[in-house]
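Visitor: please work out how this folds:
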Amino acid sequence: MILCLTLLCAAASGAAQPPSNCQHLRLAFYEDGALFYRAGDGSWTGIDKEVVDELARRTGCSFDTSVDSRVRIWAGLSGATLDMSVSTIRLPEREKIGRFVPYLAGRNYVLLRKDLSATIHNMDDFLAAPQYKIAVIKTYRHGPAYEAWLTRLRAQGRVYETADHLSMMRLFKVGRVQAVMANPTTWYPVVKQERLAGTYSVMDWAPHENIVSGLILSRQTVDAATVARFSQAIRAMREDGTLRRIFERHTDAERAAQMINF
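Guide: Coordinates of the predicted model:
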């Protein structure tokens, strides 16, 4: 689905004309809670969308945008049929594919069935209860502590891999799993949609593992000068308060203050 061909041009903002190699960059979004979602009128909105729109305004670069699954996005980046994507965590294997420009910080939590919170207090407690299972999003990474824990749970057949947050929360809703991995930008909209308020407890089992995510730009198709141009624009957006205002429009002031610390 093509959202738009050109977002905003340099002439509109008074910026210098950009180099031709940052025109019509192929960028894919993926639906993910407050990061990218449909508004009431059916149009796409969210943190990622606003960040990209502002990048276009400030740099004069333009984007041919689409919406796809994370699996297909990674295939596109690897195969050079996509130039860039959004809200991506930097990992060593991903560094081989693209360069990163961070723009938000977050942390993963475990949403645990509320009636279990009196007896399950940490990762070890959950591991020691073989009847309990957890759901995660396929291809997502959750930080070293959680990944080590999930590896042990996978070895016991206790991890469900789902395609998206909605599928994950539905497994939780019907009782197929007793916990899910999520972060605030994704669980709030889905919890509301699935009417799960009051059914879970938020467990912060890796409080020191903040995760930074941002743009990924293909090493095969996007040059280093364009990456530097985007990095400079993101830095200016952070310094002048634009990023924080974007975050606040789609979450809340407390969450926005945490997200800006990347």
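Visitor: now do the strands in this structure.
Guide: Remark: strands assigned in the chain by DSSP state E are 25-29, 37-38, 44-45, 63-67, 84-89, 98-106, 109-113, 134-137, 159-162, 179-182, 200-203, 211-218.
Visitor: the last one - contacts with which helices or strands?
Guide: Here strand 211-218 touches strand 84-89, strand 98-106, helix 224-239, going by 3 or more C-beta pairs under 8 Å, 6 or more residues apart in numbering; DSSP states H and E. Placement of C-beta: from N, CA and C, glycine included.
Visitor: so how far is it from its chain's centroid?
Guide: Mean C-alpha position of strand 211-218 versus that of the full chain (C-alpha atoms, centre = their mean, to the nearest Å) differs by 9 Å.
Visitor: what lines up beside that strand in the sheet?
Guide: Sheet pairing for strand 211-218, assigned by DSSP bridges, gives strand 84-89 (antiparallel), strand 98-106 (antiparallel).
Visitor: I'd like those as a markdown table, with mean neighbour count, mean pLDDT and distance to Ile120 appended.
Guide: Output for those, formatted as a markdown table (neighbours: other C-beta atoms under 10 Å; pLDDT from 0 to 100; distance: least, C-beta to C-beta, whole Å):
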| stretch | mean neighbour count | mean pLDDT | distance to Ile120 |
| --- | --- | --- | --- |
| strand 84-89 | 23 | 95 | 26 |
| strand 98-106 | 22 | 95 | 23 |
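Visitor: those: which one's closest to Phe172?
Guide: With C-beta to C-beta as the criterion, Phe172 lies closest to strand 98-106 of these, at 19.8 Å.
Visitor: contacts for the closest one next, please.
Guide: 47, 51, 77, 84, 87-88, 90, 94, 183-185, 210-219, 222, 224, 227, 230-231, 234, 237-238, 243, 247, 258-262 (C-beta atoms under 8 Å, 6 or more residues apart in numbering).
Visitor: buried subset of the residues you listed as a PyMOL selection?
Guide: Remark: buried members of those, expressed as a PyMOL selection using 16 or more other C-beta atoms under 10 Å:
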select buried, resi 47+51+77+84+87+88+90+94+183+184+185+211+213+214+215+216+217+218+219+222+227+230+231+234+237+238+243+247+258+259+260+262
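Visitor: export the strands of the chain to TSV and tack on distance to Met168?
Guide: Supplementary listing: the strands of the chain in TSV, determined by distance: least, C-beta to C-beta, whole Å:
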stretch	distance to Met168
strand 25-29	19
strand 37-38	16
strand 44-45	21
strand 63-67	19
strand 84-89	17
strand 98-106	17
strand 109-113	10
strand 134-137	5
strand 159-162	4
strand 179-182	5
strand 200-203	12
strand 211-218	18
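Visitor: looking at those, spot the one closest to Gly143.
Guide: Distance to Gly143, taken as C-beta to C-beta, is lowest for strand 211-218 among these, at 5.6 Å.
Visitor: for Glu194, give me the pLDDT.
Guide: Looking at Glu194, its pLDDT is 61.
Visitor: tell me which of the strands paired with strand 211-218 lies nearest to Ile137.
Guide: Nearest to Ile137, of all the strands paired with strand 211-218, is strand 84-89, at 12.1 Å by C-beta to C-beta.
Visitor: give me the contact list for the closest one.
Guide: By C-beta under 8 Å, 6+ apart, strand 84-89 touches 25-30, 32, 35-36, 47-48, 51-52, 73, 77, 94, 98, 100, 104, 141, 211-218, 222.
Visitor: can you dump the C-alpha coordinates of that strand into CSV?
Guide: Provided in CSV are the C-alpha atoms of strand 84-89 (Å, rounded to 0.1, in the frame of the first residue of the first chain):
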residue,chain,number,x,y,z
MET,A,84,15.0,2.1,5.0
SER,A,85,12.6,1.4,7.9
VAL,A,86,11.7,2.7,11.3
SER,A,87,11.8,1.7,15.0
THR,A,88,14.5,-0.8,14.7
ILE,A,89,16.8,-2.0,17.4
